[in-house]
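K.L.:
Sequence and predicted structure below; questions after.
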Amino acid sequence: MVNNKHFFLMSLFLTSTLLLSTDALSVPKVTEIQGEIKSGGSLVIRGSSFGSLSSDYTSLWDTVDNQSAFDNLKHGSVVPENVGPWTRNGNPWSNLMTISTESGNRHKRSSAHYFGIKKAFLGVPRAFDNASNRNIYASWWFYASYDIDRYEGHNKLIRLWDDLDGTKTRISWTQILLGAYGDTVWGDWGGNDGSWNLLEVFANADKGTIDVWTNGKIVHSVANYQKESSSEGMTVWLIGFDPNYDDYTNLEIRLDDIFVASSPARVELSNSSTWKGAGNRREIQPATSWSSSKIEVNLNLGQFDAQENLYIYVIDTDGNVNSNGYPICPLCPVSPDLELN
C-alpha cells in the first residue's frame with residue numbers, strides 16, 4: 001500500500017524538478033563562440049534557447065558615429081530631421097539637439113554623441129515607419145550635468161506612443177514616475193548627475209507589463225499595462241529631456257548608443273562574470289543574423305579593452321538571459337575556436 005504522504009511528497013518533488021528543468025531549458029545557453037576579439041570583429045555565437053525573431057522584427061542601433069548621414073556634419077551641427085535615424089528634433093518650445101564631437105564622449109572609442117541644453121530631445125525613428133509592433137524595448141545612455149529633479153516638475157526621459165497624434169497608447173518615464181498606461185507608479189529615476197547612465201524600458205503588450213531599469217537596477221515594474229486598440233506600432237515619440245518648467249538653465253544633456261527594437265532580444269558584452277553584477281558595465285552587440293541556436297554580431301567593445309576578462313550574454317525574446325556570462329577573454333577559459341587580438 002502506498003503511503004499517501006510519501007506519494008504526495010514524491011509527486012511534489014517530481015513536479016518541482018520538472019518545472020526547474022523546463023525553466024532551465026528556456027534560458028539562453030551559449031556553448032561556443034568563434035571570431036576575433038577586436039573592435040568591429042565578427043563573432044558567431046552558438047547555443048540553444050535564443051528564441052526566434054518575428055518576420056516583422058524592427059530595430060534601430062544609433063551610436064551617432066555609425067550614421068553615414070552625419071559624415072559631413074561638424075561639431076555643433078543640428079541633428080537633421082530630413083535624413084538620418086530621427087524624423088523629429090525638439091518642438092517649438094525646446095532647444096534643438098546637436099551633434100557633439102569635441103568633448104564629453106562616453107568612452108574612448110566614441111567620437112560623437114547627441115548634445116542639448118535645458119530642454120532637448122529626438123523622436124520618431126525612421127526604422128519604425130509603418131511598423132505594427134505591439135512590444136518595444138529601448139536602451140540608451142543618458143548624461144545630465146546636474147540633478148534633473150532640482151526644480152521638480154514632470155520631466156520626460158522618454159515617451160513611447162503608437163498613434164502619433166497622441167490619442168492612443170502613451171507611456172511616459174519621468175524623473176519621478178512611470179505613467180500614462182492606466183495607473184501611475186511613483187519613484188526616483190535612479191540615475192546619477194554628472195555621469196553617463198544606462199537607461200532601459202521594455203513595454204510588453206502581450207504580457208501586459210512594463211519594466212524600467214537604470215544602470216541595471218529595476219526602478220519600475222507594472223503588470224496592468226494594456227496597449228490601446230490601434231493598428232499603429234509602438235515607437236519613440238521623444239527621447240532626451242523634456243521638463244515641464246523652463247528653470248533648467250544651462251543643464252547639459254547628452255545621449256549615445258541608442259538601441260530601440262520590437263523585441264528585447266539582443267546580445268550584450270560585460271566585464272562582469274554574472275548578469276546580476278553587470279549593472280551598467282554592459283555594451284550592446286549589434287546582431288547581423290539571429291536564430292534559436294546561432295547569432296552573428298559585430299563586436300562593440302565600447303567602454304572595454306580587448307585584453308579584459310569579458311563575457312557574452314544572450315537575452316531572448318521574453319527577456320530571459322544566461323545568469324553566468326560566457327567568457328571570451330585572455331585570462332579565463334575560452335573556446336579553442338576563439339582568436340584573440
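P.N.:
Nice, I can see it. Everything numeric in this text was worked out from a predicted model, so none of it was measured.
K.L.:
Please state the backbone phi and psi of residue 128?
P.N.:
The phi and psi values for residue 128, taken as degrees, to the nearest 10, are phi -100, psi 10.
K.L.:
and the gap between the closest residue to it other than its chain neighbours and residue 119?
P.N.:
Excluding the flanking residues, the one nearest residue 128 by C-beta to C-beta, 6 or more residues apart in numbering is residue 235, at 4.3 Å. No exception for glycine: its C-beta is placed from N, CA and C like everyone else's. Between residue 235 and residue 119 the distance is 21 Å, computed by C-beta to C-beta, to the nearest Å.
K.L.:
Compare these two and say which is more crowded by neighbours.
P.N.:
A side-by-side neighbour count of residue 235 and residue 119, using other C-beta atoms under 10 Å, places residue 235 first with 26 against 22.
K.L.:
Who are the contact partners of that one?
P.N.:
For residue 235, the set of contacting residues under the criterion of C-beta atoms under 8 Å, 6 or more residues apart in numbering consists of 124, 125, 128, 131, 136, 160, 161, 162, 164.
K.L.:
Mind pulling up the pLDDT for it?
P.N.:
Model confidence at residue 235, expressed as pLDDT, equals 98.
K.L.:
Most neighbours out of the contacts of residue 235, which is it?
P.N.:
Neighbour counts for these (other C-beta under 10 Å) peak at residue 136, which has 29 neighbours.
K.L.:
what number of residues lie near the closest residue to that residue other than its chain neighbours?
P.N.:
Take residue 136 and drop its neighbours on the chain: the residue closest to it by C-beta to C-beta, 6+ apart is residue 234, 3.9 Å away. In terms of burial, residue 234 registers 27 neighbours under the definition other C-beta under 10 Å.
K.L.:
ok, so what distance separates residue 234 from residue 140?
P.N.:
Look at residue 234 and residue 140: by C-beta to C-beta, they are 16 Å apart.
K.L.:
cool, and residue 75?
P.N.:
In this view, residue 75 and residue 140 are 21 Å apart by C-beta to C-beta.
K.L.:
Compare the two (neighbour count), which wins?
P.N.:
For residue 75 against residue 140, the residue with the higher neighbour count under other C-beta under 10 Å is residue 140, and the figures read 23 against 12.
K.L.:
My reading is that the more buried one lies in a helix. Confirm?
P.N.:
No: secondary structure assignment places residue 140 outside any helix; it is strand (DSSP: H, G, I helix; E, B strand; the rest coil).
K.L.:
Tell me who's in contact with it.
P.N.:
Counting by C-beta under 8 Å, 6+ apart, residue 140 touches 158, 198, 199, 239, 255, 256, 257, 258, 259.
K.L.:
Among the residues you listed, which lie within strands?
P.N.:
Using DSSP state E, the members of the contacts of residue 140 that fall in strands are 158, 198, 199, 239, 255, 256, 257, 258, 259.
K.L.:
Dump those into TSV; add pLDDT, distance to residue 51 and neighbour count as well.
P.N.:
Compiled in TSV, those are given as follows (pLDDT from 0 to 100; distance: C-beta to C-beta, whole Å; neighbours: other C-beta atoms under 10 Å):
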residue	pLDDT	distance to residue 51	neighbour count
158	98	25	25
198	98	23	22
199	98	24	24
239	98	26	28
255	98	28	27
256	98	27	24
257	98	23	24
258	98	23	24
259	98	17	18
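K.L.:
Out of these, the closest to residue 112 would be?
P.N.:
residue 256 (8.2 Å; C-beta to C-beta).
K.L.:
what separates that closest one from residue 52, distance-wise?
P.N.:
From residue 256 to residue 52 the distance is 30 Å (C-beta to C-beta).
K.L.:
ok, now residue 299?
P.N.:
Taking C-beta to C-beta as the criterion, residue 299 is separated from residue 52 by 23 Å.
K.L.:
Neighbour count for the two, which is higher?
P.N.:
Relative neighbour count places residue 299 above the other of residue 299 and residue 52, with 24 against 14, counting by other C-beta under 10 Å.
K.L.:
Might one say that that one is in contact with residue 35?
P.N.:
Yes: counting by C-beta atoms under 8 Å, residue 299 sits close enough to residue 35 to count as a contact (7.2 Å).
K.L.:
what sits in contact with each of the two?
P.N.:
With contacts defined as C-beta under 8 Å, 6+ apart, the residues adjacent to both residue 299 and residue 35 are 41, 42, 43.
K.L.:
coming back round to it: bridging across strands, which residues link to the residue nearest to residue 128?
P.N.:
For residue 235, the residues forming beta bridges with it (DSSP bridges) are residue 161.
K.L.:
now do residue 177
P.N.:
Applying DSSP bridges to residue 177 yields these beta-bridge partners: residue 186.
K.L.:
burial measure for it, as a count.
P.N.:
For residue 177, the number of neighbouring residues by other C-beta under 10 Å comes to 16.
K.L.:
What of residue 309?
P.N.:
One way to gauge burial is a neighbour count; for residue 309, by other C-beta under 10 Å, it gives 16.
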